[in-house]
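Colleague: Structure for this input, please:
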Amino acid sequence: MRYSPTLVDHFLHPRNAGLMREPDAVGEDEYAGCGDLARFFLRVREGRAAEVRFQTYGCGPTIAAASAGSELAAGRAVTDLAELGAQEIEHALEGLPEDRKHAADVVAGALRAAARDYLGRRNGDREGGAGNV
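Modeller: Just a heads-up that it's a prediction; the model follows:
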């Protein structure tokens, strides 16, 4: 399978990459098979991801998936992000080759971890909900 034009565009022109000062939530996930890592930062307003930023280390599809994931997350309810599946990330990229599907898994896992971090903080659980952070 060749990479879709959407995946290539997200890889060449990643959206929302970089750190965020004083985020409301942080979450990360890693794929042990190759060491790919994604970390997401959320700024939440009225229960929605008002701003989303990411850092990632990995293959081109993982970078593209993080970029697409950041766009999918923007404006969404944090409770919805806590349930985000890898299929939605993969769909946003118009598919992934079988040997690169881990990119969507890592990104979805990091976004879910960020959402759980926020929900845990909101509920007064300073340690719980942080996921893999």
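
Colleague: buried ones in stretch 89-100?
Modeller: Neighbour counts using 16 or more other Cβ atoms under 10 Å place 89-90, 92-93, 95-96, 100 of stretch 89-100 among the buried residues. In short, each C-beta sits where N, CA and C put it, glycine included.

Colleague: Point out where the protein drops to low pLDDT.
Modeller: For the chain, the stretches with pLDDT under 70 are 1, 125-133.

Colleague: go with 80
Modeller: Across the chain, residues meeting the criterion (pLDDT under 80) sit at 1, 124-133.

Colleague: Would you map the helices across it?
Modeller: 5-12, 60-73, 78-81, 86-92, 102-122 (DSSP state H).

Colleague: Now render these as TSV, adding distance to G33.
Modeller: Converted to TSV, the helices of the chain look like this (distance: least, Cβ to Cβ, whole Å):
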stretch	distance to G33
helix 5-12	19
helix 60-73	12
helix 78-81	24
helix 86-92	14
helix 102-122	6
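
Colleague: Could you single out the nearest of the buried residues of stretch 89-100 to R15?
Modeller: In terms of Cβ to Cβ, no member of those lies closer to R15 than A92, at 11.5 Å.

Colleague: Just give the closest residue to that closest one, not the sequence neighbours.
Modeller: A68 (4.2 Å; Cβ to Cβ, 6 or more residues apart in numbering).

Colleague: I figured the one you found was touching H10, is that so?
Modeller: Yes. Because the distance of 5.2 Å satisfies Cβ atoms under 8 Å, A68 is recorded as touching H10.

Colleague: what do those two both touch?
Modeller: L93 (Cβ atoms under 8 Å, 6 or more residues apart in numbering).
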